[in-house]
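Engineer: could you look at this predicted model? Sequence included:
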Amino acid sequence: MRITDGGEMVEFKTASIYFEREKSGEKSNTVRYFKSLDEENEFVSHIHRLLKVCIVEPTTGRSFERMITDITVLPGTIPKVFIISWDPRRDD
C-alpha cells in the first residue's frame, strides 16, 4: 500500500488473475488487511480524505485509477478487514 496525491489516493498491488476483472468493473472492489499496525494506522489516518484508488499489477506494471465510492470496515475482524469499492466506469 502507498498513499499518494497529497493523501487523496491509495495504491494497492493486485494479483494478475484479478487485474482485468477489476479494471473492467466486473469486480469493482478490493478486500484488504494490513500485516502491520503501522501500515493499518497510516491507511486509517487518510481514510476520510481518500478520493481515488490506483490498482497496480506488479508483474507488468499496468495500472488504473478509479474514484472510491465506499470504504467499509468489517466489524469484529482482527486484523481489521477493509473493503474498498470504486466507481466501475472507465475513464481510460
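Structural biologist: Cool, the structure landed. Residues are numbered from 1 along each chain as shown.
Engineer: going forward, measure contacts and count neighbours with C-alpha atoms only.
Structural biologist: Noted.
Engineer: which helix or which strand is home to the residue lying farthest from the centre of the chain?
Structural biologist: In the chain, the residue that sits farthest from the middle, by Cα atoms, centre = their mean, is G76; the gap is 20.6 Å. No secondary structure element spans G76, as it lies outside all helices and strands (assigned by DSSP states H and E).
Engineer: please state the backbone phi and psi of it?
Structural biologist: Reported as degrees, to the nearest 10, the phi and psi values for G76 are phi 80, psi 10.
Engineer: so who does it touch?
Structural biologist: By Cα atoms under 8 Å, 6 or more residues apart in numbering, the contact set of G76 is empty.
Engineer: how much space between F43 and I17?
Structural biologist: Using Cα to Cα, to the nearest Å, one gets 25 Å for the distance from F43 to I17.
Engineer: all strands for the protein, in order.
Structural biologist: Counting by DSSP state E, the chain has these strands, from start to end: 2-4, 9-13, 29-32, 52-57, 62-74, 81-86.
Engineer: out of the ones you listed, nearest to R21?
Structural biologist: Ranking the strands of the chain by their distance to R21 (criterion: Cα to Cα) puts strand 29-32 first, at 10.0 Å.
Engineer: of F43 and I17, who's got more company?
Structural biologist: It is F43, of F43 and I17, that has more neighbours when counted by other Cα atoms under 10 Å, with 18 against 9.
Engineer: wait, what's in contact with that one?
Structural biologist: Here F43 is in contact with I3 (Cα under 8 Å, 6+ apart).
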